[in-house]
Every structure is written in C-alpha cells, then in structure tokens.
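Trainee: fold the following for me, if possible:
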Amino acid sequence: MNLWESLKMAIATLAANKLRSSLTMLGIVIGNASVIATIGVGEGAQRFVTAEVQSLGPNTLFIRPGSPEADRRPLWPPQTLVLEDAEAISTEVPTVVAVAPELTGNEVVSYRGRNASVTVIGTTPDYTEVRDFQVDRGRFITKLDGQRVQRVVVLGSEVARQLFNGQDPIGQSVRVRNLRAEVIGVMQPKGSSFGMDMDMTVFLPLRTMANRLVGRRSPYGTSVSYISLSARDETVMRAAQFQIENLLRRRHKIVGEDDFTVRNQQDLQNTLGAITGTLQVMLVAIASISLLVGGIGITNIMLVSVAERTQEIGLRKAIGASQRDILMQFVIEATILASLGGAIGTAVGVGGLALVSMVTDLEAAPSSTAIGVAVGVSGGIGLFFGVIPAQQAAKLDPIVALRSA
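Mentor: Numbers count the residues shown, from 1 in each chain. Predicted coordinates:
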C-alpha cells in the first residue's frame, strides 16, 4: 500500500466512528485553544502594561515613601516624604523640569443631592505637565491657590457628568466630605491608569487637602503620598534619578537604608513585564497539560481500535500487508486526529482572543508563532502517542489475530 491509500483508509475508518473520533480530539482541541489564548492574552497584557506606563507621562520619575525593601513587608509605608522635599527637588535638581507632589484619598463629592465616590488628589500646578493631563474647561490649580489654601476643586470629566448632568459646573460649589469648594475647572477624559479611573478624580490644592481634609502632617512638614516629576528628556533620566536620591539622602540625613524609593518608567515597565511574563509562562505550562492529556487519550482510543479491529488486521496481513503498512495506517489515523484537533483548537483559541478584545481593554491578538508551535506540537503528539498502538497492531500474528477474532 502506498501513502495515499493508507490515508484514504485512515480517513474512512475515522469517519465511520465520528463520535469516538470527536471525543478523542477533544483534549487536543482544548489544549491548543488554551495555549493560543493564553499566549495571546499574555502578550496583550504586556502591551497594556506598556501603554499604561507610557500614559503616566513622558520622562516621568516617581518617588514613594519607604525603602526599596518595603515592597516585601506587609506594613503601611512610612510618612517620610513631605511637600518641602518636592520643592527642594524643583529648585535644586537642574535635570528636572516639573515636580508634582500628590496627597491622595477616597471621598464622596456631592452637589444638590447627587453624590459620587471619587479619588481625591491634592497636588500642585505641575501635575498636568508631569502626568500629561489636560484641562477641558476652566483652569487647573495655580501656585497662588496653594499658597492661600484656597477652597477650589477641579473635576474629572465623569465626575462632572454625574454631578451636573450636562450643566456647566464652573463657578458652582460642591462638597468634598465637609469641605465646600468652588469648581474652577473640568479635565479632559483620560481613562484608567493602573486601575484608577482618572475621570472619577477630583483635584484640590495640596495644602488645602492636607489642612482641611486629611489633617495628616509629618514632623518635618506636609506629608505627601508620593512625588511625580518630569526629567528634561530621556537622556538625563538616570542623572536625574541619581541627583534626586543624593538630595533626599542629605535632606533626610540618611546614613543607612533609604527611607524613600525612586523609580522611572523603565523600572516600572520591567517590573510589571516580569510579573506578567511569569504568569504567562505558568498559565501556558498549565494549558500544555491538556495537550499531554489529549495525547494519552489518543493512545487509549487507538489501543481500543486495535483490539476491535483484530480480525481486519489479521485479514490484511494474511493477504500480504506488511508490518509497515499496518504501522503506517494507525500512525496516520492518530496524526489526523491530533492535527485536526489542533486546527479546530486554533480556531477556538483565535475566536476566544477576539472575544477578549471585544469585552476588555486588552489588545489580545493571536501570535503566529504560538499557532505554529501549537499545531506542530499537536501533530507531533499524535505521531508520538500513535506509535505504541500502531506497533502493537503491526506485530500481530495473522493466524492468532484471525483465530482470536
């Protein structure tokens, strides 16, 4: 028998047992779909992380209270950063062009019976430059607002919509907890950034928030949650980070471990990329188990097929079929099952990625490499796991096979 005849016979045999063939392919289908979908979602997550980091603003550095080791400690970060640190960086670090200290909290903002749960950020005028966030109507906080501890507020676009329902909020007064403040501006839509909906945010002068809302002060000045700043350009990012660290060490009189951490965009991207990459590898490994289970399923079904077709094998060998012919037929059947299951699994995986892209913010696109590897592996699994039952069938003695049948 030539290869073409073996192929036709294998297809006819599988078509005669449609239900069994379909159930045999199921493990391969699930395995292929899982691998392709997992890799696609993982790559989409990495692209999402990159976009999120870049959306924080160009050439941005971040300073948070607590040492670099604090991430591994289940303690609230200490209040070691103060507004005066930000002012010192602005005046003494030549590679920095804008500094925006931030004091954050969660409050309820109300206006004439309408309420909205928002993130409140107390900050300074440089915030819009550092975070690349633009005003749509009115104006943003000014230096004079901060010096005079003015009761003014700038609303995120969604906050303005929920509270004012299309009316012009400029000049109106809203209540932030017990603080009545005048609306001086509305921000342009920004979307989410690292899980925070920037359109559900309101902005106050930092000193106003510290004195009238939070009431939290450090012995060394007005404490802040963290400090964001922009370097002059990408070429001076490392120099700016070095200068900031030296300045803060001098100001905090540090001789041992730092009580602050400076991070740049690349650091954030590398850290988050490592996390998503590790999760992706773990999920792909778990999904690959389905391929192994599918291969074992092929072996089981092919062994059953050999037992059921003992008489056929005996007849074929009695009229001249060689061991190679028998071996080829069963290997081809197993390979067809695995390859067809791989193709169906690929279609299911690609469809799943399209659905993920539709219902989430992830740009989950299928990877051609992942598709090629998954289909190749599934075909190889069929070949590998089909050899054992094929060899068993090929070694059957025709007389014994006919007698046992």
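
Trainee: where along the protein do the strands fall?
Mentor: 60-65, 96-111, 114-123, 135-138, 152-155, 173-176, 179-187, 192-193, 196-197, 201-205, 226-231, 260-264 (DSSP state E).

Trainee: of those strands, which shows the lowest average pLDDT?
Mentor: Mean pLDDT is lowest for strand 192-193 among these, at a mean of 70.

Trainee: one step back: would you turn the strands of the chain into TSV with distance to residue 284 and mean neighbour count?
Mentor: (Glycine included, C-beta is placed from N, CA and C.) What follows is the strands of the chain, written out as TSV (distance: least, Cβ to Cβ, whole Å; neighbours: other Cβ atoms under 10 Å):
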stretch	distance to residue 284	mean neighbour count
strand 60-65	31	22
strand 96-111	37	20
strand 114-123	35	20
strand 135-138	43	15
strand 152-155	44	27
strand 173-176	47	18
strand 179-187	40	20
strand 192-193	27	15
strand 196-197	30	14
strand 201-205	37	26
strand 226-231	35	24
strand 260-264	29	20
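
Trainee: nearest to residue 346, of these?
Mentor: When those are compared by Cβ to Cβ, strand 192-193 sits nearest residue 346, at 32.0 Å.

Trainee: circling back: which among the strands of the chain is found nearest to residue 328?
Mentor: strand 192-193 (57.2 Å).

Trainee: hang on, the earlier thing: which one of the strands of the chain lies closest to residue 305?
Mentor: strand 192-193 (54.0 Å).

Trainee: would TSV of the strands of the chain with distance to residue 163 be doable?
Mentor: Shown next, in TSV, are the strands of the chain (distance: least, Cβ to Cβ, whole Å):
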stretch	distance to residue 163
strand 60-65	30
strand 96-111	4
strand 114-123	5
strand 135-138	14
strand 152-155	7
strand 173-176	7
strand 179-187	9
strand 192-193	20
strand 196-197	15
strand 201-205	10
strand 226-231	27
strand 260-264	35
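
Trainee: quick one, which of these is nearest to residue 51?
Mentor: Closest among those, once you apply Cβ to Cβ, is strand 192-193, at 9.9 Å.

Trainee: hang on, the earlier thing: for residue 292, find the nearest of the strands of the chain.
Mentor: Comparing the strands of the chain by Cβ to Cβ, strand 192-193 comes nearest, at 38.5 Å.

Trainee: next, count neighbours for the closest residue to residue 187 other than its chain neighbours.
Mentor: Leaving aside its sequence neighbours, residue 187 sits nearest to residue 156 (Cβ to Cβ, 6 or more residues apart in numbering; 5.4 Å). By other Cβ atoms under 10 Å, the residues close to residue 156 number 27.

Trainee: thanks again, I'm all set now.
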